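*Asks:* After the sequence you'll find the predicted model.
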Amino acid sequence: MNITRNDEVLAALGERLAARNERFELVVIGGSALLALRLVDRATRDVDLLAIRRGSNLVPADPLPETLLEAVAEIARDFSLPLDWLNAGPSSLLDFGLPSGFESRLERREYGGFLTIWLASRLDQIHFKLYAVTDQGPGKHEQDLRALDPAPSELLDAARWAITHDPSSGFRQELLHALASLGVEDADLGA
């Protein structure tokens, strides 16, 4: 999906939810959020869903609520998308906490009054992308991270957050390697 199609798909989802009189607030990260914020220019195959926002709480999106799942399936059919175009896999990031101040940096988008999309900020995307590069290897995550042009201090903050999700020595070594490839040598990540 490109940004125009992404907005079109989300607007259609908002219409489907309105027809069901169901409101959802979704927190989105990854490529589709970067596209919506105009921070990158590349195609993405899905919308990475971090959480469902209920009042001031963020709750895991996996599994998707039945009414949302039904609307998502209809959109998949109508737009010839894979059934998992709304990907709740990133919800696991909630297990160990989000970067400090995450919610205060979210950017709000409305789709028809029944769908609110909260987009993760550039700074938070740096955190998530560095974690993904370390966990999954280079590729689109590294390209996105480089496009965000993070300062060394932003990368170090992101690295310190990332090791709270995986404190293993193997992950730490991969993280140090990723930082070095991004120009941050001899990073001090603490004990």
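*Replies:* Everything's here; your move.
*Asks:* use CA for all of it now, contacts and neighbours both
*Replies:* Fine.
*Asks:* which regions of this protein lie under the pLDDT threshold?
*Replies:* Applying pLDDT under 70 to the chain picks out residues 1-4, 191.
*Asks:* in it, which spans are helices?
*Replies:* 3-19, 30-36, 66-79, 122-136, 140-147, 152-165, 169-181 (DSSP state H).
*Asks:* which residue is nearest the middle of this structure?
*Replies:* I29 (1.6 Å; C-alpha atoms, centre = their mean).
*Asks:* Contacts for the strand ranked longest in the chain next, please.
*Replies:* When the chain is parsed with DSSP state E, its longest strand is strand 47-54. For strand 47-54, the external contacting residues (C-alpha atoms under 8 Å, 6 or more residues apart in numbering) are 24-33, 58-61, 85-94.
*Asks:* For PyMOL, write a command that selects the buried ones of those.
*Replies:* Selection of buried members from the contacts of strand 47-54 for PyMOL, criterion 16 or more other C-alpha atoms under 10 Å:
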select buried, resi 24+25+26+27+28+29+30+31+32+33+58+60+61+85+86+87+88+89+90+91
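*Asks:* Look at S100 and say how many residues are nearby.
*Replies:* 11 (other C-alpha atoms under 10 Å).
*Asks:* Could you pull up the residues touching it?
*Replies:* By C-alpha under 8 Å, 6+ apart, no residues touch S100.
*Asks:* To F102, which of the helices of the chain lies closest?
*Replies:* Judged by C-alpha to C-alpha, the one of those that comes nearest to F102 is helix 122-136, at 6.6 Å.
*Asks:* Between helix 169-181 and the closest one, find me the angle.
*Replies:* Relative orientation of helix 122-136 versus helix 169-181 (axes from the mean of the first three to the mean of the last three C-alpha atoms, to 10 degrees): 120 degrees.
*Asks:* Quick check: buried residues in helix 122-136?
*Replies:* Those would be 122-134, for helix 122-136 by 16+ other C-alpha under 10 Å.
*Asks:* contact partners of that helix?
*Replies:* Helix 122-136 has contacts (C-alpha under 8 Å, 6+ apart) with 29-30, 34, 39, 99, 102, 139, 141-142, 144-145, 148, 150, 154-155, 157-159, 161-162, 171, 174-175, 178.
*Asks:* Kindly give a single ChimeraX line that selects the buried subset of the residues you listed.
*Replies:* Buried residues among these (16+ other C-alpha under 10 Å), as a ChimeraX selection:
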select :29,30,34,39,99,141,142,144,145,148,150,155,157,158,159,161,162,171,175,178
